[in-house]
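# with the input below, show me the fold.
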Amino acid sequence: MKMRFLFFVCLLMFATPARAEQLAPDFEGKLLSGESFSLADHIGKDMVVLNFFTTSCAPCREEMPALSKFYDEHKDKVVILGVDVIEGQHIVKAFVENMKISYPVIIDSGELTKRLNVVGYPTTIVIGADGTIQFNALNPIDPQSVLGPLLAKQGAGISREKFMEGRQTIHVVPPEVKPVAGSEAAGKNEIFGITVASDTPQQLDVNVDYYYSGDHGTTRIFIDCDPHTADGGAPFAMRPAVAEVGRHTARAPMMSYDGTPSGTVSTVITCHMASRLDSAQLATKTVPHEKTWGK
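This is a model prediction of the structure:
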């Protein structure tokens, strides 16, 4: 059976426009290219599009060529900024080069993601020239039909000084990558068992009993559970559990979406324990489960 190893979540949901009066938080940081970026510098001038992604998110990859095309056509008045969430710099650089992403990319260790309540990928947030959040969608978007009309409606912006009144700036920094321990330490990590906690026609939650030694160079890791059908397909949205040092039980929910086939299917649930810094696999376990999905 063909198995995929997913380190991050690609949770698909309906797009929901944000309230127009909500001001965006200011932030600044270094781009992957080494140049500095400050949101405040673009207020009053450009529409800024933030696209939150991870390198293992398939829907993120699918929308990136269209985002690059839109950016190339409108870069005189639109800034598209890719925001990678909690991955190592060398992984993101290789990904950007492979995907031929033309817009700038920054790596967030989690602060900006948390402030903007990003819970899945891809998430696209549009900040107008007036500093307000004008669109917020957890789902792949079509840039021409979504960003085009927003760009056409851009009105007068505000000054940088007005935007910054009484505001603090978030400093976006990449995660700290610590040395990885050798195979002796990695061998201490183990997934002991996977049990079904909740099973409905639209959702499947599993509890994962694990032990993480902490010797991999980070105190927090991801546990991703991936249900595969007999033909190797995996048309399910997943949300990873963030695990910590010690022996714990992590709950990992999986949800159906429009691409999920209805009916009873035999699935194999594979759970992976992986470093959130360099995507190294630490442990894995597989259990069979008969699942009935429904719309």
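# in the stretch 1-150 of the chain, where is pLDDT below threshold?
For the stretch 1-150 of the chain, the stretches with pLDDT under 70 are 1-21.
# oh, I was asking about the stretch 151-295 of the chain
176-187, 217, 229-238, 256-266, 276-279, 293-295.
# for this protein, what's the longest helix?
When the chain is parsed with DSSP state H, its longest helix is helix 58-74.
# give me the contact list for that helix.
If you take Cβ atoms under 8 Å, 6 or more residues apart in numbering as the criterion, helix 58-74 is touched by 10, 12, 49, 51, 53-54, 78, 80, 82, 99-103, 121-122, 139-144, 147-148, 151. All C-beta atoms are positioned from the backbone trio N, CA, C, and that covers glycine.
# surely Pro175 and Ile86 touch.
Yes: the pair Pro175 and Ile86 qualifies as a contact (Cβ atoms under 8 Å) at a distance of 5.2 Å.
# go through the longest helix of the chain and flag the buried ones.
Going by neighbour count (16 or more other Cβ atoms under 10 Å), the buried part of helix 58-74 is Pro59, Cys60, Arg61, Glu63, Met64, Leu67, Ser68, Phe70, Tyr71, His74.
# can you tell me the closest non-neighbouring residue to the second one?
Setting aside the residues directly before and after it, Cys60 is nearest to Phe53 in space (Cβ to Cβ, 6 or more residues apart in numbering), at 3.9 Å.
# count the neighbours of that neighbour for me.
The burial count assigned to Phe53 is 28, neighbours taken as other Cβ atoms under 10 Å.
# beta-bridge partners for it, please?
Listed by DSSP bridges, the beta-bridge partners for Phe53 are Asp84.
# cool, and Thr284?
As for beta bridges, Thr284 partners with His272 under DSSP bridges.
# so who does it touch?
Ile191, Thr270, Cys271, His272, Met273.
# wait, Arg239 touches Leu138, no?
No: in terms of Cβ under 8 Å, Arg239 does not count as a neighbour of Leu138; the distance is 11.4 Å.
# paired strands for the helix or strand containing Asp224, with orientation please.
The secondary structure element spanning Asp224 is strand 220-229 (assigned by DSSP states H and E). Pairing partners of strand 220-229, with direction, according to DSSP bridges: strand 241-244 (antiparallel), strand 263-275 (antiparallel).
# nearest to Leu32, of those strands?
Ranking the strands paired with strand 220-229 by proximity to Leu32 (Cβ to Cβ) places strand 263-275 first, at 20.2 Å.
# for the longest helix of the chain, what is the distance to the chain centroid?
16 Å (Cα atoms, centre = their mean, to the nearest Å).
# just the CA atoms of that helix, as PDB, please.
Coordinates of each C-alpha in helix 58-74 appear next as PDB, following Å, rounded to 0.1, in the frame of the first residue of the first chain:
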ATOM      1  CA  ALA A  58      -1.200  19.300  -0.700                       C
ATOM      2  CA  PRO A  59      -4.000  22.000  -1.100                       C
ATOM      3  CA  CYS A  60      -1.400  24.600  -0.300                       C
ATOM      4  CA  ARG A  61       0.800  23.400  -3.200                       C
ATOM      5  CA  GLU A  62      -2.200  23.300  -5.600                       C
ATOM      6  CA  GLU A  63      -3.100  27.000  -5.200                       C
ATOM      7  CA  MET A  64       0.500  28.300  -5.200                       C
ATOM      8  CA  PRO A  65       1.000  28.500  -9.000                       C
ATOM      9  CA  ALA A  66      -2.200  30.700  -9.300                       C
ATOM     10  CA  LEU A  67      -1.000  32.900  -6.500                       C
ATOM     11  CA  SER A  68       2.400  33.400  -8.200                       C
ATOM     12  CA  LYS A  69       0.600  34.200 -11.400                       C
ATOM     13  CA  PHE A  70      -1.600  36.800  -9.700                       C
ATOM     14  CA  TYR A  71       1.300  38.300  -7.900                       C
ATOM     15  CA  ASP A  72       3.400  38.600 -11.100                       C
ATOM     16  CA  GLU A  73       0.500  40.400 -12.800                       C
ATOM     17  CA  HIS A  74      -0.400  42.800  -9.900                       C
END
